[in-house]
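Undergrad: what follows is a predicted protein model with its sequence.
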Amino acid sequence: MTVLYGLDLVGTLVFTISGTLSAANKKLDLFGAYFTGFITAIGGGTLRDVILGNFPVGWISDINYLTVISIGVVLTFLFKAYIMQLKKTLFLFDTIGIGVFTIIGIEKSLSLGIHPFLSIIMGLFSAVMGGVIRDTLCNDIPLIFRKEIYATACLFGGILFIFLNSAGINSSLNQFITISFIIMIRIICIRFKLSLPVLSH
Amino acid sequence: MTVLYGLDLVGTLVFTISGTLSAANKKLDLFGAYFTGFITAIGGGTLRDVILGNFPVGWISDINYLTVISIGVVLTFLFKAYIMQLKKTLFLFDTIGIGVFTIIGIEKSLSLGIHPFLSIIMGLFSAVMGGVIRDTLCNDIPLIFRKEIYATACLFGGILFIFLNSAGINSSLNQFITISFIIMIRIICIRFKLSLPVLSH
Amino acid sequence: MTVLYGLDLVGTLVFTISGTLSAANKKLDLFGAYFTGFITAIGGGTLRDVILGNFPVGWISDINYLTVISIGVVLTFLFKAYIMQLKKTLFLFDTIGIGVFTIIGIEKSLSLGIHPFLSIIMGLFSAVMGGVIRDTLCNDIPLIFRKEIYATACLFGGILFIFLNSAGINSSLNQFITISFIIMIRIICIRFKLSLPVLSH
């Protein structure tokens, strides 16, 4: 669990930075930026825990999340120009983040006896709802609805995880394989500009 | 309960279709359309169960909801042009849907000892919040705030249900009367173009 | 607790009026106005209780909140022009409201054993999330992200409350001091047009 916990904090940091940058683009003040970074980082996990009835929700009983989020906001505020140049690094960490959040969501759900298919959905919620709330607050149509393969990578990763899990594979190995798989899908899709069909008029 | 359960699944299907069509109008991709359909279908009931502290929320412990939603998205994707022509049929099912959702919300709340007035509000939440979340995600001001008698039909239906319930009427009969009443109000309002006064400047 | 409870109802009334006025500016119908006023009034407290796992949420087990909200909507509807002229009075009550909501949120969290820093965040959520939801529903970027010192006043008030609390000061006195402090910060900031730095491009 310690590796996954560390990666969870890394994901939290990267999600905070993405939320804070969004707020900056909308010219929100320092509080608005902090708040948006915070919601982006904890939104998905909070919604997952609330739907599962898993109280108290994760970040409210572990001060480390608040610490990491605060560091993320301060870093973004101080080194914004520099962070903007790290796009590729951020992209990699963001992809690790959604992979980790997907797996944590699925494992929590399975451990509560939730149906595997619904557990995959809970994994997706964990990974993408923070960003959905961020975009809704900033008055944009959620990015994941319109751009590239993102949630879909989590979806396929989730299906692979459930498959390997039911095949009896060791949990840590399964986590490693699935997160690598999610990262691979995203990189391939970006490289070849793959996207989903649009449900047009 | 079986008739109400069947109608609940019908309502879920129709709400899914309405959410998926909304997503199509905004040119969301397949995932965005699925997601929006999903949220529209389960949003109201989820919020109701969360506020009531009634965990796990309904759809997370019954795979049938996910199945119906998936069918709804696929149907909309395959037969979009045809479905758009079925406006009157969809309207009827949608009205049945909000009627059923209202009743389920009220009955769940009453069974938990909630005050009748607050139970009506929980019924309303069940019926309309899925659509409110759908419109918010799609960056529109929620439709129910601006158009025709919709939530108001649920409100009057809810009041009738509470009245008949306290008068000792059989629950199944009460459900039938109330849902018919809600359908009747909506049809009359559409026919005669009735709407609520606007709180203007 | 009785003074705080009374002030809580006052805050609920003022938040209802602010939500209903927002709806009026967007030309929502009577139901939309009621709904927006309702959500504005109970949104922050509901989110706080849900995150804390504190069920049932406050207003669902105490009919007084619904009564106060209904009065607020009717008052706004009947005396809208007059209420608009009471801007200074409304501002004062609104400031009392956010102060009270902040304190209630912090005290509830502390009593559940939440970390003091996270309790401050729960206090902030109680105070500002109703307004955030109101603005999101009305399709605006939340006001608190862009205008004046508002949430920041709650933040500093919360820090003061935690400090005095850990110094062993009597709870009622602490409430009085903190709420006065929040009101003072807001008045000073408005008077001298102080605002937070913007995280610009």
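TA: Cool, the structure landed.
Undergrad: please make it C-alpha for all contacts and neighbour counts, starting now.
TA: OK.
Undergrad: can you tell me if the worst-scoring helix or strand of chain A on mean pLDDT touches chain C.
TA: Scoring the helices and strands of chain A by mean pLDDT, DSSP states H and E places helix A:80-85 at the bottom, with a mean of 82. No: against chain C, helix A:80-85 shows no contacts by Cα under 8 Å from any Cα of the partner chain, the least distance being 8.5 Å.
Undergrad: please save the CA atoms from that helix in CSV.
TA: This file holds the C-alpha atoms of helix A:80-85, laid out as CSV (Å, rounded to 0.1, in the frame of the first residue of the first chain):
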residue,chain,number,x,y,z
LYS,A,80,3.9,29.5,-12.7
ALA,A,81,6.0,30.4,-15.8
TYR,A,82,8.4,27.6,-15.1
ILE,A,83,5.7,25.0,-14.5
MET,A,84,4.0,25.9,-17.8
GLN,A,85,7.2,24.9,-19.5
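Undergrad: quickly note the distance from A:Leu86 to chain C.
TA: Counting by Cα to the nearest Cα, to the nearest Å, the gap from A:Leu86 to chain C is 16 Å.
Undergrad: from A:Ile188, how far off is that residue?
TA: According to Cα to Cα, to the nearest Å, A:Leu86 stands 20 Å off from A:Ile188.
Undergrad: that older thread, list the contacts of the least confident helix or strand of chain A.
TA: For helix A:80-85, the external contacting residues (Cα atoms under 8 Å, 6 or more residues apart in numbering or on different chains) are A:Leu21, A:Thr76.
Undergrad: mind redoing it with 6 Å?
TA: The contact list for helix A:80-85, computed with Cα atoms under 6 Å, 6 or more residues apart in numbering or on different chains, is empty.
Undergrad: which parts of the helix or strand following that helix are buried?
TA: The C-terminal neighbour of helix A:80-85 among helices and strands, as given by DSSP states H and E, is helix A:87-111. Within helix A:87-111, the residues scored as buried using 16 or more other Cα atoms under 10 Å in any protein chain shown are A:90-91, A:93-110.
Undergrad: ok, stretch A:5-17 next?
TA: Neighbour counts over stretch A:5-17 (16+ other Cα under 10 Å) mark A:Leu7, A:Asp8, A:Leu9, A:Val10, A:Gly11, A:Thr12, A:Leu13, A:Val14, A:Phe15, A:Thr16, A:Ile17 as buried.
Undergrad: how about the nearest residue to the fifth one, chain neighbours excluded?
TA: Read it as A:Gly11. Counting by Cα to Cα, 6 or more residues apart in numbering or on different chains, A:Gly11 lies nearest to A:Gly97, which is 3.8 Å off, once chain neighbours are set aside.
Undergrad: helices along chain A, start to end?
TA: Secondary structure of chain A (DSSP state H): helices located at A:2-25, A:30-52, A:63-78, A:80-85, A:87-111, A:116-137, A:151-166, A:171-191.
Undergrad: please identify the buried residues of the last one?
TA: The reference is to helix A:171-191. Within helix A:171-191, the residues that count as buried by 16+ other Cα under 10 Å are A:Asn174, A:Gln175, A:Thr178, A:Ile179, A:Phe181, A:Ile182, A:Ile183, A:Ile185, A:Arg186, A:Ile187.
Undergrad: likewise the second one?
TA: By neighbour count on 16+ other Cα under 10 Å, the buried set for helix A:30-52 is A:30-52.
Undergrad: same for it, what does it pack against?
TA: Applying 3 or more Cα pairs under 6 Å, 6 or more residues apart in numbering or on different chains; DSSP states H and E, we find helix A:30-52 packed against helix A:2-25, helix A:116-137.
Undergrad: please identify the most buried of the ones you listed.
TA: helix A:116-137 (a mean of 25; mean count of other Cα atoms under 10 Å in any protein chain shown).
Undergrad: quick check: angle from that helix to helix C:116-137?
TA: Put simply, helix A:116-137 runs at 80 degrees to helix C:116-137, going by axes from the mean of the first three to the mean of the last three Cα atoms, to 10 degrees.
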